[in-house]
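Q: Got a sequence here, can you model it:
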Amino acid sequence: MTPQCGICLCSYDLDLHRPKCLPCGHTLCKKCLQDSCCKRKCPTCRKDLAAAPEECPDDIFALLIEDEAVPPRKKSRTQETEVQQLQRGVEAGRKVVEVLRLLVPKAVEALHRQLDTSVAQLHRLEESLEKRVEQKAAGDEGTTPELEDEQVQLAVQLQHSLRLLNTIKCGVVAEAEDGTTWKASVHIGGFNDILRLLLLQLREYDQLEKVDDVAVPSSPAAYVGPPMPAILTIDGYDFDGDSLMVNDILRNGRRMKNIRCIRGLKGKNADKLLRVVVTLPLHVEELLFSGKAEPAVLEEVQKMSSLKRLDIECIENCDDYPDLPLQLEELAICCPSENQLRCVMRMPALRSLQVDDYLRTNITFPPSLYGTLRWLGVVLNTLHMSTMLSLIRAHASSLEELQIYCTISDEEIGGGFYFPNLGRDLAACGLLHLRRLVLDRTKLDLCTDVAGCLMQRQSLRGFLPSSVEVVCVVCRFSALW
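A: Presented below is the predicted three-dimensional model:
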């Protein structure tokens, strides 16, 4: 039923019979309110009207008519949130525009300055080259060594600039004050050419460091020999006390013939054996130690250019170790030094890595420039959790399987390997291609808490994509069991 005025019985509308609300609470149309018969009193209760007719507010009926009978309601909290977000976006946009208006002219000025500097350097070198050619033609060698060194350094600097301008790939990690991190690994070309100019600016301000060339042959020397994976196994009979009897091993030609793998290496004189192996026409691809290796042993390992797989344990808190061989494809290392762990990021062919008991200062790794690591296993305590997560993030774009040593509760091993927020932390690592998460345990024959293990796996499973399988290395069951 259409609402009507109680005086004239006309239906309310938005014009002459617009519903008006009186101070006493009654409603009548605008026409009746303006009629002289009301005599500025409410026709219903006869109370005086303090306000003029035009000052009386519209009644709810007017709103119903305007909104096509839809009753008014409070603005939703979602709408308020959207407005707030838009307001914050506008404020941020104004600041961005303000900052860009300041920075863009400075950036353009810096690029022009870079161009002018390069042109001036080119002219200096061209003049020096002409003078040197004329002096040599005249038999004059009058250039001072200091000036010659300066010219050579300038020539090298321009060669480095040319290499930067020909860069094909660039990795960037940006960290904000609030801890937010952005990262990118892009192939430079097209619209990304501006990155090359930025690299030149960084080098000009001594903020870009040249990394030593990686001594990895682009195409390793092909092995020539019989298709036999010969293995040299070091056992107890090869030792005199704790000294390796190198001469006895070398006298046995059959043991050394065509070896591709050395296993069980340890003790004194191990470096001496490797020193001989390097000089022989052998193609050793695999080296496994059964004891702690001295820095002198690693000096010889570094020379083994055919080595692809290395399993080694280092001495705790020792910084005398050289770099690891950068051509490795598989590496298992225990108690590495900080330098050794950083070397991992410079291995372009590494596809499998196991890191145990890193005990030095925590490290933050940049994203891998190679994207080749497929399998990663870590045994790091809670004090080095940041190093563990940084290593995982660095290879998140390529990892397919991840194995982490962790306990079910903080009652095991003093809580040193208990990570209650592991699922949340792994979810934040951006593991794009992870297919399997393996939980390593203290005892490899029996799971001490089957129920707790199952709950832990199910909890982790809730943070990861549905395609990721979560298993215990002891139970051999997935989180779906």
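Q: Surely L202 is in a strand?
A: No: L202 sits outside any strand when classified using DSSP: H, G, I helix; E, B strand; the rest coil, being helix.
Q: Grab the nearest non-local neighbour of it.
A: L208 (3.9 Å; Cβ to Cβ, 6 or more residues apart in numbering). The way it works is simple: take the backbone N, C-alpha and C, and place the C-beta from them, glycine included.
Q: now swap in S118 and tell me
A: Here the residue nearest S118, using Cβ to Cβ, 6+ apart, is S161, at 6.8 Å.
Q: Buried by neighbour count: which residues of the stretch of helix or strand that neighbour belongs to qualify?
A: Assigned by DSSP states H and E, S161 belongs to helix 145-165. Neighbour counts using 16 or more other Cβ atoms under 10 Å place Q151, S161, L164 of helix 145-165 among the buried residues.
Q: could these be laid out in CSV, adding pLDDT and distance to Q354?
A: Output for these, formatted as CSV (pLDDT from 0 to 100; distance: Cβ to Cβ, whole Å):
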residue, pLDDT, distance to Q354
Q151, 75, 50
S161, 78, 41
L164, 75, 36
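Q: Which one of those is nearest to M304?
A: Checking these against M304 by Cβ to Cβ gives L164 as the nearest, at 33.0 Å.
Q: which ones are touching the closest residue to the closest one other than its chain neighbours?
A: Sequence neighbours aside, L199 is the residue nearest to L164 in space, at 4.7 Å (criterion: Cβ to Cβ, 6+ apart). Going by Cβ atoms under 8 Å, 6 or more residues apart in numbering, L199 touches L164, T167, C170, L208.
Q: if I look at L199, how far off is V297?
A: 39 Å (Cβ to Cβ, to the nearest Å).
Q: Count the residues that sit near L310.
A: A count of nearby residues for L310, using other Cβ atoms under 10 Å, gives 21.
Q: residues contacting it?
A: E286, L287, L288, V301, L324, P325, L328, E330, L331, A332, I333.
Q: Spit out the contact partners of the first one.
A: Pointing back at E286 there. E286 neighbours (Cβ under 8 Å, 6+ apart): R260, C261, I262, R263, L307, K308, R309, L310.
Q: Same question for the last one.
A: For I333, the contact set (Cβ under 8 Å, 6+ apart) comprises L310, D311, I312, E313, C314, L324, Q340, Q354, V355, D356.
Q: still on that earlier bit, how close does the residue nearest to L164 sit to G171?
A: If you measure L199 against G171 using Cβ to Cβ, the figure is 11 Å.
Q: Residue ranges in the stretch 1-150 of the chain under the pLDDT threshold?
A: Applying pLDDT under 70 to the stretch 1-150 of the chain picks out residues 1-2, 36-40, 50-51, 60-80, 140-149.
Q: now the strands for it?
A: 19-21, 27-29 (DSSP state E, counting those that start in this stretch).
Q: Tell me which stretches of this protein form helices.
A: 30-34, 60-66, 77-138, 145-165, 194-204, 246-251, 253-256, 270-279, 295-301, 338-343, 385-394, 422-427, 450-463 (DSSP state H).
Q: and these as TSV, adding distance to S11?
A: Converted to TSV, the helices of the chain look like this (distance: least, Cβ to Cβ, whole Å):
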stretch	distance to S11
helix 30-34	12
helix 60-66	10
helix 77-138	33
helix 145-165	81
helix 194-204	69
helix 246-251	112
helix 253-256	111
helix 270-279	104
helix 295-301	98
helix 338-343	84
helix 385-394	70
helix 422-427	62
helix 450-463	60
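Q: L373 is nearest to which of those?
A: Comparing the helices of the chain by Cβ to Cβ, helix 385-394 comes nearest, at 8.7 Å.
Q: Can I get that closest one as PDB, trimmed to CA atoms?
A: This file holds the C-alpha atoms of helix 385-394, laid out as PDB (Å, rounded to 0.1, in the frame of the first residue of the first chain):
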ATOM      1  CA  MET A 385      67.900 -20.000  11.000                       C
ATOM      2  CA  SER A 386      68.200 -16.700   9.100                       C
ATOM      3  CA  THR A 387      71.100 -18.200   7.100                       C
ATOM      4  CA  MET A 388      69.100 -21.300   6.300                       C
ATOM      5  CA  LEU A 389      66.100 -19.300   5.100                       C
ATOM      6  CA  SER A 390      68.300 -16.900   3.200                       C
ATOM      7  CA  LEU A 391      69.900 -19.800   1.400                       C
ATOM      8  CA  ILE A 392      66.500 -21.300   0.600                       C
ATOM      9  CA  ARG A 393      65.200 -17.900  -0.700                       C
ATOM     10  CA  ALA A 394      68.300 -17.500  -2.900                       C
END
